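**Q** Provided below for reference: sequence and predicted model.
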Amino acid sequence: MSEHTPDTIDRLTGGKGADLKAARGTVWAGLEASHQALFGPDAIADITPAERALVALAVSVWHADEPAASFYATAALDAGATDTDLAAARAAARAGQGGAERLAALLAHAHLLTFAPAEASPAALQSLRDAGISEDGIISASQLIAYVAHQLRAAHVLRLIGA
Amino acid sequence: MSDKIPFTFEELVWKSWSHPARLEDCTPAQIAVLEESDPSAKTNEYYLTLIRDEQALKARSQLYNAIMYPREGARRADREFAATAESRVNGCVFCASVHARLFVTFGKDRPSMAALLDEGIGAELPPKLRAIADFAAALAAVPPAAGPEHVAALREVGYSDAEIGDIGNAVAMFAWANRLMLTLGEPERKA
């Protein structure tokens, strides 16, 4: 990718911190590669594209990151999420619950990882299995939720220093 | 489950709550990703758990290596301190133990790290580490609360904006790492 092609983080920051990014090309290439691995067309199928975007939407809302929430809401609709799914993700972001069984389990897990990861237990993984999510899906969803925690902080720093 | 281990410099082992891959079942491509991820990865349950999503681990390792092991920018000790401070805030005893030891190796200031581990972010620290700890704790919060005052404090003790960005990326990396380490398994004392 050329340095001048906007990447995903630029879409969250409006391109702020361009000098910082240009000086650390390998870092931002690694972040974009992570985004593509978790949200791109070759992301593992055990978690659907719509589920990925809806979970990221909820995590963005919890982080009070409106540009990111808007980005992931659009991604969810593009991936075929319904208005009901979108409402469920936003409701989950308010109440920590909602949606159909798989989505509800993923959103509850995202809430745990976002706010209280140190309170996790094997039972939390079991509730994902009970909702029909495969072991590979559990790992991929965990990576996705944790990645968004990183992405939103990286965006926060670019907006802060690049302001 | 084992009793909760306090924050420590002690070398711990991480046990998965999922089902780590067996090395003999891994494809050559998965083994290559493990080798890029960490020298210990082929015998480490953390990486053998994450290899289930090979692409995500490959990209994450590329990012991790770019943030934590570059030749340029903020000192390694500062990145390790930031990583440990984030881990202390999030309650990740395992990550904190690894990066506390690395901070002592590169930063040669065991008393400051011991204070961070024992007392948390409020511990008495020398000015540079104080500024890093406050920035890391604010950036760790949900929603992130790092503001112009944290950047000003870091500039005041001599950090360039590029170095502040490096420290911020180390904090962000451990917002990610802590959440995996804390929710896919737990540390145990070495036998």
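**A** Cool, got the structure.

**Q** B:Gly185 is in contact with B:Ser15, correct?
**A** I think there's a mix-up here, since residue B:15 is Lys and not Ser. Yes - counting by Cβ atoms under 8 Å, B:Lys15 does reach B:Gly185; the two are 5.3 Å apart. Yep, even glycine has a C-beta here, placed from its N, CA and C like the rest.

**Q** so what sits against both of those two?
**A** B:Glu45 (Cβ atoms under 8 Å, 6 or more residues apart in numbering or on different chains).

**Q** neighbour count winner among those two?
**A** Set B:Lys15 next to B:Gly185 and count neighbours by other Cβ atoms under 10 Å in any protein chain shown: B:Gly185 wins out with 22 against 16.

**Q** leaving out chain neighbours, which residue sits closest to that one?
**A** Of all residues not flanking B:Gly185 in the chain, B:Ser16 sits nearest, at 4.2 Å (Cβ to Cβ, 6 or more residues apart in numbering or on different chains).

**Q** which other residues reach the host helix or strand of B:Tyr46?
**A** Following DSSP states H and E, one finds B:Tyr46 within helix B:45-50. Residues outside helix B:45-50 that contact it (Cβ under 8 Å, 6+ apart): A:139, A:143, B:14-16, B:18-23, B:34, B:37-38, B:40-42, B:56-57, B:60, B:180-181, B:184-185.

**Q** which element is encountered next along the chain beyond that helix?
**A** Past helix B:45-50, the next helix or strand by DSSP H and E is helix B:54-68.

**Q** for that following helix, output the C-alpha coordinates as CSV.
**A** The C-alpha trace of helix B:54-68 is given here as CSV (Å, rounded to 0.1, in the frame of the first residue of the first chain):
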residue,chain,number,x,y,z
GLU,B,54,-3.4,-18.1,11.9
GLN,B,55,-3.9,-14.9,10.0
ALA,B,56,-4.8,-12.8,13.0
LEU,B,57,-1.8,-14.1,14.9
LYS,B,58,0.5,-13.5,12.0
ALA,B,59,-0.6,-9.8,11.6
ARG,B,60,-0.6,-9.3,15.4
SER,B,61,3.0,-10.6,15.7
GLN,B,62,4.0,-8.3,12.8
LEU,B,63,2.5,-5.3,14.7
TYR,B,64,3.9,-6.4,18.1
ASN,B,65,7.4,-6.7,16.7
ALA,B,66,7.1,-3.3,15.0
ILE,B,67,6.0,-1.6,18.2
MET,B,68,8.1,-3.3,20.8
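
**Q** so how far is the helix or strand just after that helix from its chain's centroid?
**A** Next along the chain after helix B:54-68, taking DSSP H and E as the criterion, comes helix B:76-90. On the basis of Cα atoms, centre = their mean, to the nearest Å, helix B:76-90 sits 6 Å off its chain's mean C-alpha point.

**Q** between helix B:76-90 and helix B:54-68, how many degrees?
**A** Angle, helix B:76-90 to helix B:54-68, by axes from the mean of the first three to the mean of the last three Cα atoms, to 10 degrees: 120 degrees.

**Q** okay, helix B:76-90 in PDB with CA atoms only?
**A** The C-alpha trace of helix B:76-90 is given here as PDB (Å, rounded to 0.1, in the frame of the first residue of the first chain):
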ATOM      1  CA  ARG B  76      13.000   0.000  25.000                       C
ATOM      2  CA  ALA B  77      12.800   0.500  28.700                       C
ATOM      3  CA  ASP B  78      10.100   3.200  28.300                       C
ATOM      4  CA  ARG B  79       8.000   0.900  26.100                       C
ATOM      5  CA  GLU B  80       8.400  -1.900  28.600                       C
ATOM      6  CA  PHE B  81       7.400   0.400  31.500                       C
ATOM      7  CA  ALA B  82       4.300   1.500  29.500                       C
ATOM      8  CA  ALA B  83       3.400  -2.100  28.800                       C
ATOM      9  CA  THR B  84       3.700  -3.000  32.400                       C
ATOM     10  CA  ALA B  85       1.700   0.000  33.600                       C
ATOM     11  CA  GLU B  86      -1.100  -0.900  31.200                       C
ATOM     12  CA  SER B  87      -1.000  -4.500  32.500                       C
ATOM     13  CA  ARG B  88      -1.000  -3.300  36.100                       C
ATOM     14  CA  VAL B  89      -4.200  -1.200  35.500                       C
ATOM     15  CA  ASN B  90      -5.900  -4.100  33.700                       C
END
